[in-house]
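Engineer: Need a 3D model of the sequence below.
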Amino acid sequence: MNDEPTFPDDANGAMLRQMAADGDDLTLPREFAFSVIFPTEDAALKFAVALLKRGQKVSFSGDEKDSEPFWLVQAHPYMIPTHERISGYEYLLEIEADSLGGRAVGWGCES
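Structural biologist: Numbers count the residues shown, from 1 in each chain. As a prediction, this is how the structure comes out:
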């Protein structure tokens, strides 16, 4: 009998499979960092403020020296790492970010 967890065949599933293979206990909640980039500081700030108004922890940084300047907002939810929760949260961020010209670029968390 195979007791290994199964996940959908997508980027989030691949990340969760790797975490499980590395021995991570995927039943334990932890803080995530979902990254979203924006072409302007104003758009990034609007996005960050919208998250803050919903009680979400956020971090904000920018790089105006790059050949294509960008502004990074990271949302830091605390949750159990399930495919459904991660994908659902990422989807909600993408909808909000898209309306401001932003795009989600991935997530990470500590084991």
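Engineer: isn't residue 13 right up against residue 83?
Structural biologist: Yes - proximity of residue 13 to residue 83 meets the contact threshold set by Cβ atoms under 8 Å, at 5.9 Å. From N, CA and C alone the C-beta is placed, and that goes for glycine too.
Engineer: Report the set of residues contacting both of these two.
Structural biologist: Taking Cβ atoms under 8 Å, 6 or more residues apart in numbering as the contact definition, residue 13 and residue 83 share the neighbouring residues residue 7.
Engineer: List the neighbouring strands of the longest strand along the chain plus their orientation.
Structural biologist: Longest strand in the chain, counting residues (DSSP state E): strand 30-38. Strand pairing for strand 30-38, using DSSP bridges, gives strand 70-75 (antiparallel), strand 78-79 (antiparallel), strand 103-109 (antiparallel).
Engineer: For residue 88, find the nearest of those.
Structural biologist: Taking Cβ to Cβ as the measure, these were each checked against residue 88, and strand 78-79 came out nearest at 9.9 Å.
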